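# Task: produce atomic coordinates for the following.
(one chain, ligands or ions: 1)
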Amino acid sequence: MSQLQVLTEDVPQMEISASTQELAALIDDHLGPLRPTSPAWQVADSPISGRGIFAVRPIAKGEQLFREHTLLVGPTAHRGRNLRTCINCYHLPAGDTDAEALCSSGCGLPVCGECVESPRHALECQLFRKWQPKDVQHIDPRALRILSVVRCFFLNESQRKLLYAMQANADRYYMREVQRAAECFEHFPHDPDMLEYFYRTVCAFNTNAFESRCQVDGQEIVARALFPLAGMLNHQCTPNAAHHFEDGETIVVCATENIAAGSEITMSYTKLLWSTLARKMFLGMTKHFMCQCPRCQDPTENGTYLSALFCREQGCKGLVIPVQTKTLQPDWRCLSCENVFPHAKMARYQDFALNTINNRINTCSVRDMIHFINELCPRFCPPSNYVLIEAKLNVIWRMTRLGAEEYAPEELAHKDRYREEILAILHKLGAGECTLKKLITEEIQ
Ligand SMILES: C[S@@+](CC[C@H](N)C(=O)[O-])C[C@H]1O[C@@H](n2cnc3c(N)ncnc32)[C@H](O)[C@@H]1O
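Below you'll find the predicted structure:
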């Protein structure tokens, strides 16, 4: 069995308790006032996988398809992130310490002065106090992360049905999240039905959730949020729709291309500029499937050569690209000398480029990074390789944040050149009006 089969075939799906028609009705109910009077889309069975969203009339590039409020949301509570953020409104609670940010009732949850009295917090506070957090002086990321899952407790009947109608990939590893949370409380529930409900919810999160992002009090808030309609969008590596967040709890999905009536509406679960192997690894490990889209089947990736590495045969320096498209360990062939190399060898070169470039990104000033990209990288990494493209994107972001006046004219010219290069790649990929294009054309000038 290949590495990729192991990644994708090991994980069964939990039983789905609703027909596609019932699911569509539950989604309508969930959308409430946000449901358009005559939507341009419908939920239906998909030839890609399970259920998907389809255009019911021609949709124009740029058109907003829907806005949706989250069904379940909570802090990602990743280590290294600021955990001192109110669990309701995302504002910073008063004070500087964990103890000051935590609810004074002893529920172990950070909450601001305004939200502490809210009915929403009252319910969660009562539940967490019943379970008795072991530490009420410090914010424990394990206890905080489980909040988005535990909120399934407060869903109404129709919302629970909707949760059970969503695909849930049953990876037993996901149960670790519940077990880790249980370690933080004296009396975490151990009733098997309740634990199964939590597990189902964790699996639904891992299969469908988005990392929603918004700015509050000058800091970036990242929450994990379940949007049942947006969660119906299947993946394509060059999709025809993209999403953004209006706030931490509302998602907006727009068409990035003209979409014909009857076509499936898709989004990308990966970064657009990743190489095919990077996307395959990510999709296999996190979503347990192997993408078969046209981009995945083209070794040149629409002529972008995002995977390409240099040939190391004496005197060659041609571009080497993966030959097979359906495996994680393809042979690679040089487009100039036509020699074929085993994957293990090329993977070492790719890792070298990735580590060297990422180390520099983390340690260098923008000025040094430009010098490194222009003068040193061409010795070991083709300009089309996705790691180098990501490094150029990183330079663009950093320069934009500081403002043009900080930089010499030739540095600004490099930034413009990088931007044109990335726009040309997006054009070749057929990415249309994708979020990245909007960001680098509208905001970065
Ligand atoms: C967010 S859900 C998408 C909606 C799902 N089709 C459903 O019926 O609920 C993600 C799951 O859909 C499936 N999926 C999405 N895009 C796919 C693709 N391009 N190829 C194969 N499976 C895909 C995978 O099983 C993945 O874990």
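# helix/strand/coil for Val149?
Secondary structure assignment for Val149 (DSSP: H, G, I helix; E, B strand; the rest coil): helix.
# pLDDT at the closest residue to it other than its chain neighbours, what is it?
Ranked by CB to CB, 6 or more residues apart in numbering and with sequence neighbours excluded, the top spatial neighbour of Val149 is Thr201, at 4.8 Å. No exception for glycine: its C-beta is placed from N, CA and C like everyone else's. For Thr201, the model assigns a pLDDT of 97.
# Next up, the contacts around Thr201.
Residues in contact with Thr201 (CB atoms under 8 Å, 6 or more residues apart in numbering) are 72, 149, 152, 163.
# so who does the first one touch?
What that stands for is Leu72. 148-149, 151-152, 155, 163, 201, 205, 225-226.
# How far does stretch 252-262 sit from its chain's centre?
20 Å (CA atoms, centre = their mean, to the nearest Å).
# Using CSV, list the CA coordinates for it.
Provided in CSV are the C-alpha atoms of stretch 252-262 (Å, rounded to 0.1, in the frame of the first residue of the first chain):
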residue,chain,number,x,y,z
VAL,A,252,-18.6,35.4,2.9
VAL,A,253,-18.2,33.2,-0.2
CYS,A,254,-17.7,34.8,-3.6
ALA,A,255,-17.2,33.5,-7.2
THR,A,256,-13.6,33.9,-8.4
GLU,A,257,-14.6,32.9,-11.9
ASN,A,258,-17.7,32.9,-14.1
ILE,A,259,-19.6,29.7,-13.2
ALA,A,260,-22.0,28.0,-15.6
ALA,A,261,-25.4,26.9,-14.4
GLY,A,262,-25.1,23.3,-13.2
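# model confidence over that stretch, on average?
The model assigns stretch 252-262 a mean pLDDT of 98.
# Contacts for it next, please.
By CB under 8 Å, 6+ apart, stretch 252-262 touches 54-68, 230, 233, 239-246, 265, 267, 430-434.
# Give the burial count for the closest residue to the ligand within the stretch 1-150 of the chain, as a bare number.
Ranked by CB to the nearest ligand atom, the top residue of the stretch 1-150 of the chain for proximity to the ligand is Gly50, at 2.4 Å. Using other CB atoms under 10 Å as the criterion, Gly50 is surrounded by 14 other residues.
# what's the answer for the one 10 residues further on, then?
Neighbours of Ala60 under the rule other CB under 10 Å: 10.
# Let me see the contact set for it.
255, 258.
# Equivalent analysis for Ile265, please.
41, 52-55, 59, 65, 233, 240-241, 253, 255, 259 are the contacts of Ile265 under CB under 8 Å, 6+ apart.
# State the three-state secondary structure for it.
Relying on three-state DSSP, one would call Ile265 strand.
# Okay, strands next: where are they in this protein?
41-45, 51-55, 64-69, 72-75, 210-216, 219-226, 234-235, 241-247, 250-255, 264-267, 309-310, 319-322, 332-334, 340-341 (DSSP state E).
# you'd agree the residue of the stretch 1-150 of the chain closest to the ligand is up against Ala168?
No: applying CB atoms under 8 Å, one finds Gly50 not in contact with Ala168, separated by 11.2 Å.
# that older thread, kindly present the contacts of Leu72 as JSON lines, with separate columns for distance to the ligand.
JSON lines is the format used below for the contacts of Leu72 (distance: CB to the nearest ligand atom, whole Å):
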{"residue": "Ser148", "distance to the ligand": "16"}
{"residue": "Val149", "distance to the ligand": "17"}
{"residue": "Arg151", "distance to the ligand": "19"}
{"residue": "Cys152", "distance to the ligand": "17"}
{"residue": "Leu155", "distance to the ligand": "18"}
{"residue": "Leu163", "distance to the ligand": "12"}
{"residue": "Thr201", "distance to the ligand": "15"}
{"residue": "Phe205", "distance to the ligand": "11"}
{"residue": "Ala225", "distance to the ligand": "13"}
{"residue": "Leu226", "distance to the ligand": "10"}
